[in-house]
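Engineer: the following block contains a protein sequence and its predicted model.
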Amino acid sequence: MEPRPEQQRALHYLRRKGTEAPVARLREQVAETFATIEALLDEVPPGLRATRPGPGRWSAHEIVDHLVESHRPAVEQLGALVAGERPAGGPVRASLQSADPLARRWEDLVAALRQVHSGYRALLERATDATSLAVTAPVVMVVQVAGDDGALAPVTWERELDWKAFAQAFRVHTVQHRQQILATLAALGHPPATT
């Protein structure tokens, strides 16, 4: 089946901003994205962290749990790619969460995410523009697509990505979930000062 325009745009973005981008620029983007979400998490009021903005929607706490659970294995996969090896196992599942997302204290969850971010940045510091792009790993891609009625619905597919596109994909994933946290807080009547 022919890829939808939204899928093509996503892949074009990952090629331009990942595969074809200088590693120094990729490092800067990742560091900036991680810093902005960490600053936002410091602003989430304790009373709203576990509050869902509506049925079927995640709380800020559940979103952070998802980022920790999905990005932790992504660090291992990125490490393999940078070392020129295909990662073991399959792609990180979409919507991955821990068995009990609200069981961990917020502070522990945020600390775990900061640790994941640190590992991710360290791998990018070791990589250079000469690091081979020949080895790839499967990534579950998700884009929002408007249906005939105008309502957005996710389209999910797998794509093989080189290490630079892989790093950019998980940066974009972080950006999307930062926006989700902002929307969650706004829906709860508490838009943060950080935007």
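Structural biologist: Arrived safely, thanks for sending. Numbering: from 1, shown residues only.

Engineer: chain center to stretch 157-172: distance?
Structural biologist: In terms of C-alpha atoms, centre = their mean, to the nearest Å, the centre of stretch 157-172 is found 10 Å from the chain centre.

Engineer: for it, give me every contacting residue.
Structural biologist: If you take C-beta atoms under 8 Å, 6 or more residues apart in numbering as the criterion, stretch 157-172 is touched by 7, 11, 13-15, 17-21, 23, 26, 29-30, 33, 71, 74, 77-78, 81-82, 91, 120, 124, 127, 131, 133-141. From N, CA and C alone the C-beta is placed, and that goes for glycine too.

Engineer: how about low-confidence regions in the chain?
Structural biologist: 1, 194-195 (pLDDT under 70).

Engineer: can you show me the helices along it?
Structural biologist: All helices of the chain, identified by DSSP state H, fall at 5-14, 23-43, 60-82, 106-126, 163-187.

Engineer: who wins for proximity to residue 151 among those helices?
Structural biologist: helix 5-14 (14.1 Å; C-beta to C-beta).

Engineer: now the residue nearest the centre of the chain: closest residue in space, sequence neighbours ignored.
Structural biologist: With distances taken as C-alpha atoms, centre = their mean, residue 173 lies nearest the centre of the chain, 2.6 Å away. With sequence-adjacent residues excluded and distances taken as C-beta to C-beta, 6 or more residues apart in numbering, residue 173 is closest to residue 70, at 7.3 Å.

Engineer: you'd agree the one you found is up against residue 176?
Structural biologist: No: using C-beta atoms under 8 Å as the test, residue 70 is too far from residue 176 to be in contact (11.6 Å).
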